[in-house]
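S.K.: Give the three-dimensional model of this entry:
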Amino acid sequence: MTPSVTVIDYGASNMLNVVHALEHCGADVLIADQPEAVTDAGRLILPGVGAFADGMAGLKAKNLIEPLVSFCRKGNPFLGICLGMQMMFDSSEEFGNHVGLGLIPGKVTRIPSQGANGEPHKIPHIGWNELLCSEKDDEWKDSLFLTLKPGTPMYFVHSFMGVPKNKKNLLAYCDYSGLSVCAAVQSDNMTGCQFHPEKSGESGLKIIRGFLSI
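M.R.: Here you go, the predicted model:
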């Protein structure tokens, strides 16, 4: 049976790359920009690039916030990618203070301009970086990262990072000049990836296939 998945189109996303990756993995993809399409979805992906406030404004303009949150609260499979992951948090400090979807307790803050040694480093954090388990090697057992090993590289492009209020929601992090930067979050049926699985080669496709198998 062909897995089906709905991708939200709200005008601020890397939607086509995500759709191509999903189709490559054998999925039947529906593009949703209307509330009823989100409500009726079986699996839902919120992709995104750009500023937090613009992303939330795009969702609000299309009346997608309430059906999206309701979808997640029902326990359906949900995946947020890059900006889509950041919008899962309560709020963001990007260019002011902005309210998010409130799916993951915590906030989004700017990545420090200096590494742990006090030396300046490049912002945005861009390129390949390794995924690390937040506490123990078997922590990915009940997650979309089940088939991955600690140290698997993924592709990142971001200047802001999520800071989960509860450590249990931190699925993975990466080391950036000695700083721990949130790479992925999880809460029950919801997963968020700061990196781009659709741009991360076969390892990223493993995450997408895992999502389609739920």
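
S.K.: how far away is residue 151 from residue 180?
M.R.: Noted for residue 151: a distance of 15 Å to residue 180, by CB to CB, to the nearest Å. All C-beta atoms are positioned from the backbone trio N, CA, C, and that covers glycine.

S.K.: Please, which helix or strand holds the closest residue to residue 23 other than its chain neighbours?
M.R.: Nearest residue to residue 23 in three dimensions, chain neighbours excluded: residue 29, at 6.0 Å (CB to CB, 6 or more residues apart in numbering). Following DSSP states H and E, one finds residue 29 within strand 28-32.

S.K.: got the buried residues for the lengthiest strand in the chain?
M.R.: If you go by DSSP state E, the chain has its longest strand at strand 179-187. Of the residues in strand 179-187, 179, 181, 182, 183, 184, 185, 186, 187 count as buried by neighbour count, 16 or more other CB atoms under 10 Å.

S.K.: can you give me the strands for this structure?
M.R.: For the chain, the strands defined by DSSP E cover 4-8, 28-32, 44-46, 78-81, 89-92, 98-99, 104-110, 125-130, 132-133, 153-158, 160-164, 170-176, 179-187, 190-193.

S.K.: Would you give the sheet partners of the fifth one, along with the direction of each?
M.R.: Right, the one you point to is strand 89-92. Strand 89-92 has the following strand partners under DSSP bridges: strand 98-99 (antiparallel), strand 104-110 (parallel).

S.K.: For residue 187, see how far away residue 75 is.
M.R.: Distance, residue 75 to residue 187, using CB to CB: 11 Å.

S.K.: and the closest residue to residue 208 other than its chain neighbours, how many residues sit next to it?
M.R.: Nearest residue to residue 208, sequence neighbours excluded (CB to CB, 6+ apart): residue 25, at 5.2 Å. By other CB atoms under 10 Å, 20 other residues sit near residue 25.

S.K.: Just the pLDDT at residue 25, thanks.
M.R.: Predicted confidence (pLDDT) for residue 25: 97.

S.K.: what does residue 138 give?
M.R.: Looking at residue 138, its pLDDT reads 67.

S.K.: now the longest helix seen in the chain and strand 153-158, what's the angle there?
M.R.: Looking only at the chain and at elements set by DSSP state H, the helix with the highest residue count is helix 201-212. Interaxial angle, helix 201-212 versus strand 153-158 (axes from the mean of the first three to the mean of the last three CA atoms, to 10 degrees): 80 degrees.

S.K.: For helix 201-212, buried residues please.
M.R.: For helix 201-212, the neighbour count (16+ other CB under 10 Å) marks 203, 204, 205, 206, 207, 208, 209, 210, 211, 212 as buried.

S.K.: coming back round to it: nearest to residue 145 among the buried residues of strand 179-187?
M.R.: Lowest distance from residue 145 to the buried residues of strand 179-187 (CB to CB) belongs to residue 184, with 7.2 Å.

S.K.: The residue nearest to residue 176 when sequence neighbours are not counted: what's it in contact with?
M.R.: The shortest distance from residue 176 to any non-neighbouring residue, by CB to CB, 6+ apart, is to residue 125 (5.5 Å). Residue 125 makes contact with 111, 156, 157, 158, 159, 161, 176, 181, according to CB atoms under 8 Å, 6 or more residues apart in numbering.

S.K.: wait, doesn't the fifth one sit right on residue 111?
M.R.: It refers to residue 159. Yes: counting by CB atoms under 8 Å, residue 159 touches residue 111, with 6.0 Å between them.

S.K.: No more questions from me, cheers.
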